[in-house]
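J.: dropping a prediction and its sequence here:
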Amino acid sequence: MDAFTRMRGKDLHLDILGDGPLRKCLEEHVQALGMSRQIRFLGFQPSPYDHMEQADLLALSSDREGLPTVLIEALHAGLAVVSTDCGDGVREILMNGRHGTIVPTGDAAALAAAIERQLICPPDPDGQRAAARRFDPDRIAGEFLAALGLSDADVAQNQPLTPATKLVEDILSPSARA
């Protein structure tokens, strides 16, 4: 929000999806700043993708994240992305800044400047969607099976081929847990 207030006077609005213990405090802060028309708290949304389809950009301002899937979802929607450098997952998903701008955590001025740059010169939506395909479940499942030395045909026949897959099977079998 602090980054967004630096862009006061521009024809922009910020929709914040989700709920949490800080919501009331944040709403009061927005009210005190006089930005209630520009910043809206929409609460939990069962389908955030509907909002992403209407958005121009997704900004992630977290202090810490493991694997921020919202960035993958934004890429899948073809959005411009700006994120704080809040964990290794950000760099992996955005390919070290190739598919979005990464700014230092806690730097509202850098976040605001990056948002403005991305809005002025947005990335190609098809390129963003292509970047998201690296995280498609079928692709990831195939890579996981390959790492275990299995193919789709092996899985269909339920035949473990390597000591590693045998170990996984042994660990997961109900008789091993007894």
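T.: That came in fine, so what should we check first?
J.: so, low pLDDT: which residues of this protein?
T.: 152, 154-178 (pLDDT under 70).
J.: one more pass at 90, please.
T.: 1-2, 5, 7-11, 47, 137-178 (pLDDT under 90).
J.: which residues of it fall in helices?
T.: Using DSSP state H, the helices of the chain run over residues 2-5, 23-33, 48-54, 69-76, 88-93, 108-120, 125-132, 137-147, 152-157, 163-172, 174-177.
J.: tell me which of those helices sits most buried.
T.: helix 69-76 (a mean of 21; mean count of other CB atoms under 10 Å). (Each C-beta comes from the backbone N, C-alpha and C, glycine too.)
J.: how far off centre is that one?
T.: The chain centre lies 4 Å from the centre of helix 69-76; the measure is CA atoms, centre = their mean, to the nearest Å.
J.: check which helices and strands that helix sits against.
T.: Applying 3 or more CB pairs under 8 Å, 6 or more residues apart in numbering; DSSP states H and E, one finds that helix 69-76 makes contact with helix 48-54, strand 57-60, strand 80-84, helix 88-93, helix 125-132.
J.: output the ones you listed as JSON lines; include the columns distance to T69.
T.: Shown next, in JSON lines, are those (distance: least, CB to CB, whole Å):
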{"stretch": "helix 48-54", "distance to T69": "11"}
{"stretch": "strand 57-60", "distance to T69": "11"}
{"stretch": "strand 80-84", "distance to T69": "12"}
{"stretch": "helix 88-93", "distance to T69": "9"}
{"stretch": "helix 125-132", "distance to T69": "11"}
